[in-house]
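K.L.:
Okay, sequence plus prediction incoming.
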Amino acid sequence: MEHGNGTPPPLTGAQYEEMRLASGGVDRARYDSMREDCPDVSHEEFLASQTGECPWPLRLFALVRKVTTAEECAEVFEAAQKRAHPVEYFDGYRYGRDEGLPHRDLMDADEHGVGPYTYTDLRQEGEDHDTIIARAGWRLDE
């Protein structure tokens, strides 16, 4: 929902207040910055990320949502919830996507016990997806 020039439409004072309360205090400037980074994400989706059964930290939601679709984002969140260190998982996923790796490859690797940082590093070293998955048994999950 862009507002003519590629920026999201302005929010009302009530919408800012709604997000401030849901997020635990994010201010207008910070929220506007996140919205500019993710112009295809509606206020309602940002708000839902904060008010769901297992709310995302808003900064991490914006980072992950910047590189993925809403449906993929939900899958990433579900995978991260299973981790002892979900913040590192979110950062690793974003790192992999920033390096051009497909969502499905990252999720498939995760299902085989290869975390996103490890998977991305191995792909950058030239290993192919099938080789990484085949050797996954000896790697520790992140």
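P.N.:
Everything's here; your move.
K.L.:
Now stretch 134-142: average pLDDT?
P.N.:
In this model, stretch 134-142 has an average pLDDT of 61.
K.L.:
Can we start the residue count at 7 from this point?
P.N.:
Understood, numbering begins at 7; the last thing we discussed is stretch 140-148.
K.L.:
Now name the helix or strand holding the residue minimising distance to the centre of the chain.
P.N.:
Centre of the chain computed as the mean C-alpha position; nearest residue by Cα atoms, centre = their mean is residue 70, 1.9 Å away. Using DSSP states H and E, residue 70 falls within helix 64-72.
K.L.:
Run through who's touching that helix.
P.N.:
Outside helix 64-72, the residues that touch it by Cβ atoms under 8 Å, 6 or more residues apart in numbering are 29, 32, 37, 40, 43-44, 47, 51-52, 55-56, 62, 79, 82-83, 93, 96-97, 99-100. Just so you know, the C-beta spots here come from the backbone N, C-alpha and C atoms, and that holds for glycine as well.
K.L.:
Repeat the analysis, applying 6 Å as the threshold.
P.N.:
29, 32, 40, 43, 44, 47, 55, 79, 82, 96, 100 (Cβ atoms under 6 Å, 6 or more residues apart in numbering).
K.L.:
pLDDT score for the first one?
P.N.:
Just to be clear, that refers to residue 29. The per-residue pLDDT of residue 29 was computed as 87.
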